[in-house]
Every structure is written in structure tokens, then in C-alpha cells.
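> Structure, please.
(one chain, ligands or ions: 1)
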Amino acid sequence: MEPDSSALRALFYGLGVHSSFFGATFFRVKEIGRGSEQILGFSGRVHSGNDTIAMTTEKLCSTYNRGRFAPSTTGRAHPGTLLAALLCWLDARHIGAEVILRLEDLDRERTKPGYVDQLERDLAWFGLDWSARTLQSDARERHGQALDRLVREGRVYGCDCSRATVRAVGRPAPDGSHAYAGTCRAQRVRVDGWRDDPRPLRLHLDSRMIELHDESGEDLSGNAAKLFGDPILRRRDGAFAYHFASVLDDASAGVDRVVRGRDLAPSTILQVALQQTLGLATPRYRHHCLFLERRGDKLSKLHGAVDVETLRTRYSGEELCGTLASFVGLVSPGTSCRPVDLVADFDWARVCRGDVELRIRENGGLSLAG
Ligand SMILES: [Zn+2]
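Here you go, the predicted model:
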């Protein structure tokens with residue numbers, strides 16, 4: 001039984017008045033903060049005769065329209081990919097927002113034919129579906145137009161520095177790269193010349209402090225120009241750079257929620273600086289925990305150690321979904337479920353904050369370490 005939206009809306013406004021009457025047994029009143037706007041929505045269960053209706057009414061009141069999952073297409077999906085996809089998908093679906101799949105295939109050297117289709121098949125096997133699906137390489141012309149505009153504004157220059165020079169001169173940047181010192185700033189590219197310019201093209205970024213907190217409360221404020229230096233917009237191999245393409249694509253698709261792994265948090269301020277330079281809105285960011293693995297004495301991000309091809313020999317889609325969801329605290333161990341089964345009760349408060357160390361057994365099975 002699906003209550004229609006006007007009935008839910010009426011119930012919601014009724015609840016505003018009578019929330020104490022309904023009490024916490026049936027409703028969880030939720031505050032979704034966004035800047036100074038405070039929206040009250042709720043999710044929970046209503047008992048109606050013999051039926052229990054699971055409800056999520058935040059979709060009636062949420063200001064968010066669209067999230068996105070944007071994996072790079074440089075290999076098969078692995079448990080970390082699936083966790084990121086699941087959390088991003090649940091985040092959007094539980095507030096009634098759309099979630100799009102954007103396949104980031106700009107890295108020509110590392111994207112192999114077949115990876116794109118395989119990634120889509122792996123995600124579908126896991127139980128995820130998408131409101132729309134886009135291929136980042138289809139947007140090259142749009143990326144070029146945005147770069148053209150920055151060139152006309154006199155903000156783009158060609159950089160002759162080798163990677164070794166940037167490493168030697170630059171301070172370590174928060175994302176593990178090296179801040180670019182702005183050595184080549186005087187080499188502005190011409191409006192009619194940048195397309196044939198073989199050099200990496202960089203943006204002269206304004207130096208200023210930007211205040212930014214992600215939705216989990218982490219303070220990501222900083223001066224991107226100081227922390228990272230002028231970012232590359234188009235790389236030596238002719239591909240548009242990750243952050244540049246990513247902010248352009250988020251804006252053009254109307255993405256207003258970006259949910260992704262904690263490893264990407266340190267570079268968020270650079271994305272926001274790019275958005276501000278391009279006159280684009282900043283989506284709400286949220287960063288989540290990662291799966292880690294132990295290599296020798298070091299814990300590092302689980303990456304490619306076991307891919308979905310191997311996992312499929314060991315798990316059904318439902319078993320793997322339940323297993324990964326249990327690792328982050330969403331369901332009890334041993335649960336088998338589809339992503340859609342987790343939508344009604346999804347709550348970020350139930351997702352563990354800290355990273356999760358996994359062990360990969362010889363038969364391809366996954367378990368919590370320790
Ligand atoms: Zn340079």
C-alpha cells in the first residue's frame with residue numbers, strides 16, 4: 001500500500017503539530033540541515049490496521065534532487081567500489097532523490113575497452129539501478145567550451161614543468177600530490193591556440209580562504225591555491241583533468257549531493273575553488289568510511305585485491321550486499337539483502353565513522369580483520 005503524496009504531505013504537517021502524540025516508537029523526526037535552511041522530515045513506520053507502512057517522507061521536503069556515483073573505469077569493481085556505490089545510492093534513494101551513474105573514462109591510458117560495460121554489469125549484479133547513466137568522455141565538447149571561457153578570461157597558462165620539477169619545488173599537498181608553485185604563470189595561452197597546445201594547461205587560481213564543512217561535520221576549509229597551487233585543467237595527454245571535469249559534470253547534471261569515500265575529502269576544497277571560479281553551485285558533500293587491508297605493517301585502502309569476478313564465485317548479489325552492509329554496521333552479520341531492502345531504514349547515524357579493516361580469505365571470502 002503506497003500512500004499518495006498529498007496524504008503524506010498532510011500527515012507530515014499534522015506531525016509537525018502532533019509529533020509528541022505519535023512518539024518515538026513510530027517516527028524518527030529528522031533534521032536535515034543545509035546551511036541556514038532547516039528542513040524537518042521523518043522516516044519510520046505507521047501502523048494502519050494490520051499493515052505496517054514503511055514511510056520516508058523526506059522526499060516531500062528535502063531540497064536535494066540528485067546524487068551521483070562516479071567511478072573511474074580503469075578496472076573491475078572491488079569491495080570498496082561496491083561500498084561507495086551502495087552508500088551513495090542509499091543516501092539518495094532514502095531521501096527520494098535521483099542518483100545517476102557517471103562513468104569516468106577520461107584516462108585514456110588506463111581505460112581499457114570492455115571496462116565500462118563490465119563495471120555497469122557488476123553494479124547491476126549487486127542490485128543497483130540508476131536514474132540515468134552518462135559517459136564522461138561524451139562531454140568533451142562541453143568541457144572544451146568551459147576551458148575556452150577560462151582562456152578568454154586570461155586565466156589559463158601552459159606549464160613546461162616536468163613532474164619531477166613539480167615534486168622537487170612544491171610542498172606536499174593534502175591529497176598526496178605536490179602543490180604547484182606557479183612557475184609558468186606568465187605563459188598565458190591564446191584563445192585560438194590552446195586546443196593545439198601540447199603542454200598541460202593550468203588555471204591561475206585566486207588565493208583565498210574558503211570555508212567548507214562536509215555533512216558529517218568535518219572541517220574541510222582551506223585556501224586551495226596555497227594548498228594545491230594552480231590545478232591542471234587539461235593534461236599533457238590531452239584529457240581534461242579529473243577535478244575540472246568532475247565539477248563541470250556535477251553542475252551540468254544538476255547534482256546537489258556528492259557522497260564519496262573519505263580518501264577524497266582532502267581535495268574537496270580544490271573542487272569548491274574550481275566551482276567558484278566557474279560560477280557553479282557547490283553541492284553538499286559527505287565523505288564515508290573506507291575498507292582497508294593490511295599490507296605488511298601498513299593499512300591501506302582496499303584496492304583491487306579481490307574483484308567482483310572472484311567475489312561472484314563465492315557470493316550471490318544478495319549475500320555480498322548483506323555482507324558489505326554488515327561490515328559498516330547497517331545490518332547484522334549473516335544478513336542477505338538487496339540494496340532496495342535497506343532504503344527505508346537507512347540512516348547515516350548507523351554507518352560506522354571509522355574505516356574498516358577487512359581480510360580476504362583464500363577462497364575469496366571477506367571477513368572483518370581482528
Ligand atoms: Zn610549470
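
> Please report phi then psi for C337.
Main-chain dihedrals, C337, degrees, to the nearest 10: phi -160, psi 160.

> So it sits against L330, correct?
No - with contact defined as Cβ atoms under 8 Å, C337 does not count as touching L330 (9.2 Å). Quick note: C-beta positions are derived from backbone N, CA and C, even for glycine.

> Between those two, which is the more surrounded one?
With neighbours defined as other Cβ atoms under 10 Å, C337 and L330 compare such that L330 has more, 22 against 18.

> residues contacting the more buried one?
Residues near L330 by Cβ atoms under 8 Å, 6 or more residues apart in numbering: 342, 346, 350-351.

> Reformat those residues as a markdown table; add secondary structure and distance to L135.
Shown next, in a markdown table, are the contacts of L330 (DSSP: H, G, I helix; E, B strand; the rest coil; distance: Cβ to Cβ, whole Å):
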| residue | secondary structure | distance to L135 |
| --- | --- | --- |
| L342 | helix | 28 |
| F346 | coil | 28 |
| R350 | helix | 34 |
| V351 | coil | 30 |
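
> Filter these down to the buried ones and hand me the ChimeraX line.
Buried residues among those (16 or more other Cβ atoms under 10 Å), as a ChimeraX selection:
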select :342,346,351
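
> Just the helices from the chain, written as ranges.
Along the chain, the stretches classed as helices by DSSP state H are 5-26, 58-61, 79-93, 115-126, 140-152, 163-169, 224-228, 242-252, 268-278, 308-312, 317-327.

> Quickly compare those helices and say which is most buried.
Greatest average neighbour count among the helices of the chain goes to helix 79-93 (a mean of 24), per mean count of other Cβ atoms under 10 Å.

> Counting neighbours, what do you get for the nearest residue to G144 once chain neighbours are set aside?
Take G144 and drop its neighbours on the chain: the residue closest to it by Cβ to Cβ, 6 or more residues apart in numbering is R195, 7.4 Å away. For R195, the count of nearby residues is 13 (other Cβ under 10 Å).

> what does L101 give?
Neighbours of L101 using other Cβ under 10 Å come to 23.

> Of the contacts of L330, just say which sits nearest to the ion.
The ion lies nearest to V351 out of the contacts of L330, by Cβ to the ion, at 41.6 Å.

> Hmm, C289 and the closest one touching each other?
Yes - in this structure, V351 is within contact of C289 by Cβ under 8 Å, at 7.1 Å.

> shared neighbours of these two, anything?
Among the neighbours of V351, those also in contact with C289 (Cβ under 8 Å, 6+ apart) are V328.

> Would you mind naming what in the stretch 51-200 of the chain lies close to the ion?
When proximity is defined as Cβ under 5 Å from the ion, the stretch 51-200 of the chain approaches the ion at 159, 161, 183-184.

> pLDDT weak spots in the stretch 201-350 of the chain?
304 (pLDDT under 70).

> Nearest to the ion within it, name that residue for me.
R202 (7.1 Å).

> correct me, but that residue touches C184?
Yes - counting by Cβ under 8 Å, R202 does reach C184; the two are 7.2 Å apart.

> Find residues that contact each of these two.
Common contact partners of R202 and C184 (Cβ under 8 Å, 6+ apart): 157-159.

> Counting neighbours, which of those residues comes out on top?
In terms of neighbours by other Cβ under 10 Å, those top out with Y157 at 23 neighbours.

> ok so, going back, between R202 and C184, which one's more packed in?
The neighbour comparison of R202 against C184 (other Cβ under 10 Å) goes to R202, with 26 against 17.

> residue contacts, the residue nearest to that one when sequence neighbours are not counted?
Closest residue in space to R202, ignoring its immediate chain neighbours: D230 at 4.4 Å, by Cβ to Cβ, 6+ apart. Residues in contact with D230 (Cβ under 8 Å, 6+ apart) are 157, 180, 182, 185, 202-205.

> Kindly recompute the last result at 6 Å.
180, 182, 202-205 (Cβ atoms under 6 Å, 6 or more residues apart in numbering).

> Now distance to R140 too, for those, in TSV please.
Putting the contacts of D230 into TSV (distance: Cβ to Cβ, whole Å) gives the following:
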residue	distance to R140
Y180	24
G182	27
R202	19
L203	18
H204	23
L205	23
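
> Would you list the buried entries among those?
Counted by 16+ other Cβ under 10 Å, those give 180, 182, 202-205 as buried.

> of all these, which comes closest to D263?
Proximity to D263 was ranked across the buried ones among the contacts of D230 by Cβ to Cβ; first place goes to Y180, at 21.0 Å.

> nearest spatial neighbour of S72, skipping sequence neighbours?
If the residues on either side of it in the chain are set aside, S72 comes closest to E104, at 4.5 Å by Cβ to Cβ, 6+ apart.

> ok, that neighbour touching F69?
No - between E104 and F69 there is no contact under Cβ atoms under 6 Å: 10.2 Å.

> Tell me which of the two has more neighbours.
The neighbour comparison of E104 against F69 (other Cβ under 10 Å) goes to F69, with 24 against 20.

> can you pull up the bridge partners for that one?
L101 (DSSP bridges).

> mind listing what it touches?
Applying Cβ under 6 Å, 6+ apart, the residues near F69 are 85, 88, 101.
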